[in-house]
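>>> next come a sequence and a model predicted from it.
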Amino acid sequence: MNIYAIGDLHLSGDPPSKPMEIFGDHWAGHKEKIKNNWLQTVHEDDVVIICGDISWAMGLENVAEDLAWLKELPGRKLLLRGNHDYWWTSLKKMQAAYGKDFEFIQNNCTMIGDVAICGTRGWILPTAESFTEEDKKIYEREAIRLKMSLDDAKKANAKEIICALHYPPLFAPEEESLFTNLLEEYGVKHCIYGHIHGLDHVLTFEGERKGVNYKLTSCDTQEFKLYEILSTDTKTI
């Protein structure tokens, strides 16, 4: 069993109601690129974490086509909310509608053997020039949600923790945030995130810092390929 991640699929039906080519020619046929790599990479007993911005759908009743496409791909799929996932609603409603095919990370964790998958959407950081008092409220609330997820992992006696966010928890290598502090406090080994696209990815920190390995997984920054977090070659799950 292997654990993979990918972010920011930005699905919008077939044909797409919001073609992603408007954000650059490299997005042309991105859905097919993702599918082809997924089929070559993922087996049924593997796990894929999707770090938000899954679909442009505006409501739970509108996301069915995109989730049906995703359902047909192999692997156990864990979904995280992004800032454009307007279809995301209460955990109870999502589980009732799609719980047979997907698992939702929200104020909880999912155990994969002795590995815990935790996470939350996250938010823009106080270092952003546009950061407001309203942003501060959301930022602090998202940190509480991350702590709840990490506490869930602790209760489950997880031997290793993977944390998934949508927003990056830091940009500069020396930057600290409520999110990075929690990752370090709970001994998280891997933190994956999305949200950042195109050339902006060079502004985002990736690599190991204070025991945490940070990795951007927005699909367009990864050539629409999945990122392998853990492999049975290096970890018994």
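Done, it's in.

>>> spatially nearest residue to the residue sitting nearest the centre point of the chain (excluding sequence neighbours)?
The residue lying closest to the centre of the chain (C-alpha atoms, centre = their mean) is Cys51, at 1.4 Å. Nearest-residue entry for Cys51: Gly7, 3.4 Å, with adjacent residues in sequence omitted and distances by C-beta to C-beta, 6 or more residues apart in numbering. C-beta: built from backbone N, CA, C; applies to glycine.

>>> got a list of what the one you found touches?
Counting by C-beta atoms under 8 Å, 6 or more residues apart in numbering, Gly7 makes contact with 50-53, 82, 166, 192-195, 216-219.

>>> return the distance of it relative to Ile144.
Remark: distance between Gly7 and Ile144 (C-beta to C-beta, to the nearest Å) = 23 Å.

>>> not counting sequence-adjacent ones, nearest residue to Lys136?
Using C-beta to C-beta, 6+ apart, the closest residue to Lys136 is Pro126 (7.2 Å).

>>> I'd say that neighbour and Ser177 touch.
Yes: in this structure Pro126 lies within contact range of Ser177 using C-beta atoms under 8 Å: 7.3 Å.

>>> Ile54 and Ser218, how far apart?
Distance from Ile54 to Ser218, by C-beta to C-beta: 12 Å.

>>> ok, now Leu60?
Leu60 sits 24 Å away from Ser218, going by C-beta to C-beta.

>>> which one's more surrounded, the two?
Ser218 (26 against 18; other C-beta atoms under 10 Å).

>>> can you point me to the longest helix in the chain?
As assigned by DSSP state H, the longest helix anywhere in the chain is helix 133-155.

>>> same for that one, what does it pack against?
Using 3 or more C-beta pairs under 8 Å, 6 or more residues apart in numbering; DSSP states H and E, the elements in contact with helix 133-155 are strand 115-120, strand 160-165, helix 178-185.

>>> try it again with 6 Å
Packing partners of helix 133-155 (3 or more C-beta pairs under 6 Å, 6 or more residues apart in numbering; DSSP states H and E): strand 115-120, helix 178-185.

>>> quick one: the helices in the chain, in order.
Per DSSP H, the chain carries helices over the ranges 30-41, 64-71, 91-98, 133-155, 178-185.

>>> can you list those helices in a markdown table and add mean pLDDT?
Putting the helices of the chain into a markdown table (pLDDT from 0 to 100) gives the following:
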| stretch | mean pLDDT |
| --- | --- |
| helix 30-41 | 97 |
| helix 64-71 | 97 |
| helix 91-98 | 96 |
| helix 133-155 | 97 |
| helix 178-185 | 98 |
